[in-house]
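[1] fold the following.
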Amino acid sequence: MTKKYIILLLLIVGSCYSCKKYLDVKPKSQIKEEFLFEKERGFVDALSGVYTLMARRDLYGDKLTMSFLDLLAQRYKAGTKASPYWDAVNYNYEGDVLGIKVKSTIRTIWLSAYTGIANANNILSQMDEKRSVFTGNNYNLIKGEALGLRAFLHFDLLRMFGPMMANNPTAPAIPYRTILSKDAQPLLPANEVLKLIIKDLLEAEALLAKDPIVSGASNDYYDFNVENRKFRMNYLAVQATLARVYQYNNQPAEAYAYAKKVIGSGKFSFVTDADISTTGACRDRTFRNEQLFALQINNMKGYTDDYFNTFSNTYEQTPLNNEDNVIKAVFEESTSSTDIRLLYLWQSTAGKLMNTKYLQFESSPGNCTWAKNVVPVVKVSEMYYIAAECSPDLNESIDFVNEVLSHRAVDPLTGINNKADLQNALTKEYQKEFFSEGQLFYYYKRNSFSTIPGSAVVANSKVYVLPVPEDELIFNK
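    Predicted structure coming up:
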């Protein structure tokens with residue numbers, strides 16, 4: 001990064017991306033690290049600031065879930081060159097004029113993710129020196145979460161900006177930042193980045209072994225209590241991320257083992273017919289009990305209404321939608337469908353279908369507040385798909401997929417005779433399961449799809465590898 005962006009990043013670490021209580025202590029420009037970290041509460045608040053940053057629209061509150069990444073995966077129709085989404089769906093990564101300014105969006109994602117990493121590194125740099133301020137198991141919880149978040153953000157940066165692992169795993173990818181420093185860090189080979197990600201995740205897993213999500217232990221802090229752990233980088237979320245990373249790194253045995261650990265934890269349940277079929281504000285559109293890691297988003301309604309509920313002619317009020325026949329083809333509908341993901345998560349307007357996963361409905365005070373302002377980041381269904389893809393036993397693989405299908409009101413798989421048939425079935429499931437969650441583009445990249453369904457563009461490294469911002473490249477020379 002150029003020096004001015006380093007300075008900006010360091011200012012952000014101490015100001016606008018940290019939690020509200022942190023900011024309330026002193027004016028933003030006057031807060032000192034030693035004041036923030038002199039008590040355990042300061043570490044808790046600083047860690048909450050990382051989640052607040054991740055929940056912003058520049059990252060998982062929008063761009064890395066419901067809009068930009070899913071535009072790259074051809075989830076939505078751009079129409080004509082006049083569409084604000086045209087450059088994104090046509091992989092014009094230098095486009096910076098109309099609608100979504102793709103080049104600026106990519107740069108903002110990069111800077112925002114590394115700002116989150118800098119915040120995590122700032123916390124980690126203080127913890128051992130101040131270990132005496134921690135009570136109970138909180139040192140382990142805070143350090144485990146911070147390491148897990150550092151790894152998680154680096155991994156998604158790698159999935160966007162790194163090479164296609166099947167083609168060139170040793171190509172320069174991204175820096176792996178483990179310290180808060182103004183100095184440039186080199187672009188490491190992708191396989192080296194993955195080693196560092198795995199190292200951080202394994203340490204996080206060990207630290208989080210007594211996480212309240214598995215132990216049931218109570219805690220004085222709201223965010224560390226069982227009912228709120230899915231909104232944190234908890235023990236199961238770390239294991240799920242390890243399953244993702246090992247699969248991405250072509251280590252199927254390890255990915256299978258970790259996916260099985262999460263599945264066998266017994267700490268989740270699938271969405272019920274009653275919860276998904278109810279009307280209005282209480283419909284469980286994001287499958288809350290299937291979420292291993294989710295983020296609470298501030299005031300989603302304004303922009304999710306624009307994306308998924310209205311028609312207009314201005315950017316960010318142009319709906320993210322697709323033709324009826326395209327969506328129905330994804331769900332393999334002929335005359336009717338029983339799939340709850342189609343029946344209850346879509347609405348049709350003027351021949352176009354819009355996903356309703358993130359629509360925010362008004363409700364009575366205290367009624368179904370869980371349904372609002374939440375974006376799933378990791379779901380347990382993905383663990384079944386990873387276990388299916390990585391299992392050495394084809395029959396077991398089929399069983400894993402059928403378990404998810406049984407909870408989506410879909411008939412079990414038939415005619416699966418080999419791994420190629422299974423992979424085709426998994427492709428269909430990824431296409432159905434993760435609408436507006438940003439995972440499909442990564443799936444296509446990991447599996448080296450020569451074209452992304454819905455696009456006529458040849459899907460090579462020019463499509464799958466987002467360009468590292470120019471100022472980062474210049475500063476690293």
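[2] tell me how many other residues crowd Tyr430.
    Neighbour count of Tyr430, defined by other CB atoms under 10 Å: 18. For every residue, glycine as well, the C-beta is placed using N, CA and C.
[3] cool, Glu470 as well?
    Quick note: Glu470 (other CB under 10 Å) scores 11 neighbours.
[4] Ser348 should be in a strand, yeah?
    Yes: counting by DSSP: H, G, I helix; E, B strand; the rest coil, Ser348 is part of a strand.
[5] show the contacting residues for it.
    By CB atoms under 8 Å, 6 or more residues apart in numbering, Ser348 lies in contact with 324, 354.
[6] quick check: it vs Pro319, distance?
    Separation of Ser348 from Pro319 (CB to CB, to the nearest Å): 12 Å.
[7] can you give me the helices for the stretch 1-150 of the chain?
    Taking DSSP state H, counting those that start in this stretch, the helices of the stretch 1-150 of the chain run over residues 3-13, 20-25, 33-36, 40-54, 68-72, 86-89, 102-127, 138-161.
[8] CSV for the ones you listed, including mean pLDDT and distance to Thr272?
    What follows is those, written out as CSV (pLDDT from 0 to 100; distance: least, CB to CB, whole Å):
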stretch, mean pLDDT, distance to Thr272
helix 3-13, 38, 42
helix 20-25, 32, 35
helix 33-36, 67, 43
helix 40-54, 96, 28
helix 68-72, 97, 26
helix 86-89, 94, 35
helix 102-127, 97, 34
helix 138-161, 98, 29
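[9] now for these, which one comes closest to Asn299?
    helix 40-54 (12.8 Å; CB to CB).
[10] what's the angle between the closest one and helix 138-161?
    In terms of direction (axes from the mean of the first three to the mean of the last three CA atoms, to 10 degrees), helix 40-54 departs from helix 138-161 by 20 degrees.
[11] buried sites along helix 40-54?
    40, 42-54 (16 or more other CB atoms under 10 Å).
[12] redo those as TSV? Include distance to Ile174.
    Shown next, in TSV, are the buried residues of helix 40-54 (distance: CB to CB, whole Å):
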residue	distance to Ile174
Glu40	32
Gly42	30
Phe43	27
Val44	29
Asp45	28
Ala46	24
Leu47	23
Ser48	26
Gly49	22
Val50	18
Tyr51	22
Thr52	23
Leu53	18
Met54	17
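[13] and those residues, which is closest to Asp200?
    Val50 (14.1 Å).
[14] hmm, Leu147 and the closest one touching each other?
    No: assessed by CB atoms under 8 Å, Val50 is found out of contact with Leu147, at 11.5 Å.
[15] any shared contact partners between these two?
    Listed as contacting both Val50 and Leu147 by CB under 8 Å, 6+ apart are Ala120.
[16] which residues does the residue lying closest to Lys352 once chain neighbours are set aside bridge with?
    Leaving aside its sequence neighbours, Lys352 sits nearest to Asn321 (CB to CB, 6 or more residues apart in numbering; 4.3 Å). Counting by DSSP bridges, Asn321 forms beta bridges with Met354.
[17] and Asn321, what's its pLDDT?
    Asn321 carries a pLDDT value of 89.
[18] just to revisit the earlier point, overlap in contacts of Ser348 and Pro319?
    Joint contacts of Ser348 and Pro319 (CB under 8 Å, 6+ apart) are Met354.
[19] how about the helices of the stretch 1-150 of the chain, which one is nearest Ala184?
    Relative to Ala184, the nearest member of the helices of the stretch 1-150 of the chain by CB to CB is helix 3-13, separated by 8.5 Å.
[20] now do the end-to-end distance for stretch 131-140.
    By CA to CA, to the nearest Å, the extent of stretch 131-140 from end to end equals 10 Å.
[21] ignore the last one, stretch 66-85
    Terminal-residue distance, stretch 66-85 (CA to CA): 13 Å.
[22] the closest residue to Asn418 other than its chain neighbours: neighbour count?
    The shortest distance from Asn418 to any non-neighbouring residue, by CB to CB, 6+ apart, is to Leu394 (7.2 Å). Other residues lying near Leu394 total 15 when counted by other CB under 10 Å.
[23] one more: Lys462?
    Neighbour tally, Lys462, other CB under 10 Å: 11.
[24] that one falls within a helix, correct?
    Yes: Lys462 sits within a helix when classified using three-state DSSP.
[25] mind telling me what element the residue most central in space within the chain is part of?
    Most central in the chain under CA atoms, centre = their mean is Val377, positioned 4.0 Å from the mean C-alpha point. Val377 is located in strand 374-379, with elements delineated by DSSP states H and E.
[26] next SSE after that strand?
    helix 380-390.
[27] that older thread, can I get the helices of the stretch 1-150 of the chain in CSV with distance to Glu227?
    Listed next are those as CSV, based on distance: least, CB to CB, whole Å:
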stretch, distance to Glu227
helix 3-13, 30
helix 20-25, 20
helix 33-36, 27
helix 40-54, 16
helix 68-72, 29
helix 86-89, 37
helix 102-127, 24
helix 138-161, 15
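[28] so the residue nearest to Lys352 makes contact with Ala350?
    No: counting by CB under 8 Å, Asn321 does not reach Ala350; the two are 9.5 Å apart.
[29] of those two, give the one with the bigger neighbour count.
    Legend: neighbour count by other CB under 10 Å for Asn321 and Ala350, higher for Asn321 (25 against 7).
[30] just to revisit the earlier point, paired strands for the strand holding Val377, with orientation please.
    Under the criterion DSSP bridges, strand 374-379 sits next to strand 291-296 (antiparallel) in its sheet.
[31] next, the angle from the strand it pairs with to helix 380-390.
    140 degrees.
[32] just to revisit the earlier point, can you tell me, leaving aside adjacent residues, what's nearest to the residue nearest to the centre of the chain?
    Once flanking residues are discounted, Val377 sits nearest to Phe293: 4.7 Å by CB to CB, 6+ apart.
[33] spit out the contact partners of that neighbour.
    Per CB under 8 Å, 6+ apart, neighbours of Phe293: 230-234, 237, 240, 376-378.
[34] tell me where the chain has strands.
    172-174, 188-189, 291-296, 321-323, 346-349, 352-355, 374-379 (DSSP state E).
[35] so what touches the second one?
    Yep, that's strand 188-189 we're talking about. In contact with strand 188-189 (CB under 8 Å, 6+ apart) are residues 169-176, 196.
[36] again with the last one
    Taking CB under 8 Å, 6+ apart as the criterion, the residues outside strand 374-379 that touch it are 55, 60-61, 65-66, 237, 240-241, 244, 286-288, 290-297, 300, 358, 433, 437.
[37] ok, back up a step: ok, now which ones touch the residue nearest to Lys352?
    Neighbour list for Asn321: 76-77, 308, 349, 352-355 [criterion: CB under 8 Å, 6+ apart].
[38] between the residues you listed, which has the most around it?
    Tyr76 (27 neighbours).
[39] which residues does the closest residue in space to it that isn't next to it in sequence contact?
    Leaving aside its chain neighbours, Tyr76 sits nearest to Leu320 (4.4 Å; criterion: CB to CB, 6+ apart). Residues in contact with Leu320, defined by CB under 8 Å, 6+ apart, are 66-67, 70-71, 75-76, 85, 307-308, 354-355, 436.
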